[in-house]
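A.B. asks: Sequence plus the predicted model coming up.
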Amino acid sequence: AQKITQTQPGMFVQEKEAVTLDCTYDTSDPSYGLFWYKQPSSGEMIFLIYQGSYDQQNATEGRYSLNFQKARKSANLVISASQLGDSAMYFCAMRAGGGADGLTFGKGTHLIIQP
Amino acid sequence: DAGVIQSPRHEVTEMGQEVTLRCKPISGHNSLFWYRQTMMRGLELLIYFNNNVPIDDSGMPEDRFSAKMPNASFSTLKIQPSEPRDSAVYFCASSRTGDYNEQFFGPGTRLTVL
């Protein structure tokens, strides 16, 4: 079975500061994928970034980067130069095994960016 | 391109009634997923299909829940009879098999069972 742990229920960050959202995972499958999704107050799920277990480099997408530490089983999301629009729930998720499997989600982190 | 389409967006019903949620995946995607989101349990995978075939329904809470995918462009999630504890947001998502990068989520259906 897979498990995702997000230990920060909520975070307050000043605008323009960098933010790190923690995520640790557990799986016995050597092949897996790690995802981060953003859920604003409107409710939709927005894909942010993906990291494969065999990827050699950390994934980056614009202001988002994923700090992947395989030995520690962590996949932290880093948001550079935070903006007011970054205020939302953030979910870490994992897909283990083949690409057609469903995602296991963490409980989420509620990020609030303060002006 | 149109994203994943779900209907209805909101549903309010009374306990005991049948509820049917609908989903149209993105054209060309051959994997479809149903998730449920509640405050208590977070986001849970209910069932997923690959090429219209149910692969894993171990997340379906009980026999009151059923899901079908009669063709590549349509899926339903049915609850019969509905109970107040079924109140949640139900998301449908789709992806291409072998495409590891992303599941595209629909806007969700907010279900309230009175």
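C.D. replies: Yes, it's here. Numbers count the residues shown, from 1 in each chain, chains lettered A, B, ... in the order given.

A.B. asks: can you count the residues close to residue A:24?
C.D. replies: Residues near residue A:24, counting by other C-beta atoms under 10 Å in any protein chain shown, number 17. C-betas here are computed from N, CA, C, even on glycine.

A.B. asks: let me redo that: residue A:113
C.D. replies: Using other C-beta under 10 Å, residue A:113 is surrounded by 20 other residues.

A.B. asks: So the most centrally placed residue in chain B versus residue B:63, what's the distance?
C.D. replies: Nearest residue to the geometric centre of chain B (C-alpha atoms, centre = their mean): residue B:34, 3.2 Å. As judged by C-beta to C-beta, to the nearest Å, residue B:34 and residue B:63 stand 16 Å apart.

A.B. asks: Close to chain A: what parts of chain B are there?
C.D. replies: Counting by C-beta under 8 Å from any C-beta of the partner chain, the positions of chain B adjacent to chain A are B:31, B:33, B:35, B:42-45, B:48, B:50, B:55-56, B:59, B:89, B:91, B:93, B:95, B:97-105, B:107-108, B:110.

A.B. asks: Among those, name the buried ones.
C.D. replies: In the residues of chain B next to chain A, burial by neighbour count holds for B:31, B:33, B:35, B:42-45, B:48, B:50, B:55-56, B:59, B:89, B:91, B:93, B:95, B:100, B:102-105, B:107-108, B:110, counting by 16 or more other C-beta atoms under 10 Å in any protein chain shown.

A.B. asks: Among those, which ones are in strands?
C.D. replies: Residues of those located in strands (DSSP state E): B:31, B:33, B:35, B:42-45, B:48, B:50, B:55-56, B:89, B:91, B:93, B:95, B:104-105, B:110.

A.B. asks: Spatially, what comes nearest to the residue nearest to the centre of chain B if we skip its sequence neighbours?
C.D. replies: Excluding the flanking residues, the one nearest residue B:34 by C-beta to C-beta, 6 or more residues apart in numbering or on different chains is residue B:46, at 4.4 Å.

A.B. asks: how many other residues sit next to that neighbour?
C.D. replies: Per other C-beta under 10 Å, the neighbour tally for residue B:46 reads 21.

A.B. asks: ok, now how distant is it from residue A:16?
C.D. replies: 40 Å.

A.B. asks: same question, residue A:32
C.D. replies: Using C-beta to C-beta, residue A:32 is found at 34 Å from residue A:16.

A.B. asks: So if I had to pick from these two, which one is more boxed in?
C.D. replies: The residue with more neighbours, out of residue A:32 and residue A:16, is residue A:32; 21 against 11, by other C-beta under 10 Å.

A.B. asks: For that one, give me its contacts.
C.D. replies: Residue A:32 makes contact with A:2, A:25, A:52-53, A:94-97, according to C-beta atoms under 8 Å, 6 or more residues apart in numbering or on different chains.

A.B. asks: do that again at 7 Å, thanks
C.D. replies: Contacts here follow C-beta atoms under 7 Å, 6 or more residues apart in numbering or on different chains; on that basis residue A:32 touches A:53, A:94-96.

A.B. asks: Dump stretch A:92-110 to CSV, keeping only the CA atoms.
C.D. replies: Taking C-alpha atoms only, stretch A:92-110 is exported to CSV below (Å, rounded to 0.1, in the frame of the first residue of the first chain):
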residue,chain,number,x,y,z
CYS,A,92,0.9,15.8,-2.7
ALA,A,93,0.0,12.6,-4.5
MET,A,94,1.6,9.4,-5.7
ARG,A,95,1.0,6.9,-8.4
ALA,A,96,2.8,3.6,-7.8
GLY,A,97,3.5,0.9,-10.4
GLY,A,98,2.1,1.3,-13.9
GLY,A,99,0.9,4.5,-15.4
ALA,A,100,-2.8,3.6,-15.3
ASP,A,101,-3.1,3.4,-11.6
GLY,A,102,-5.1,5.9,-9.5
LEU,A,103,-3.5,8.5,-7.2
THR,A,104,-3.0,8.3,-3.4
PHE,A,105,-3.3,11.8,-1.9
GLY,A,106,-2.0,13.4,1.2
LYS,A,107,-4.2,15.4,3.5
GLY,A,108,-3.0,18.7,2.1
THR,A,109,-1.5,21.9,3.2
HIS,A,110,-3.5,25.1,3.4
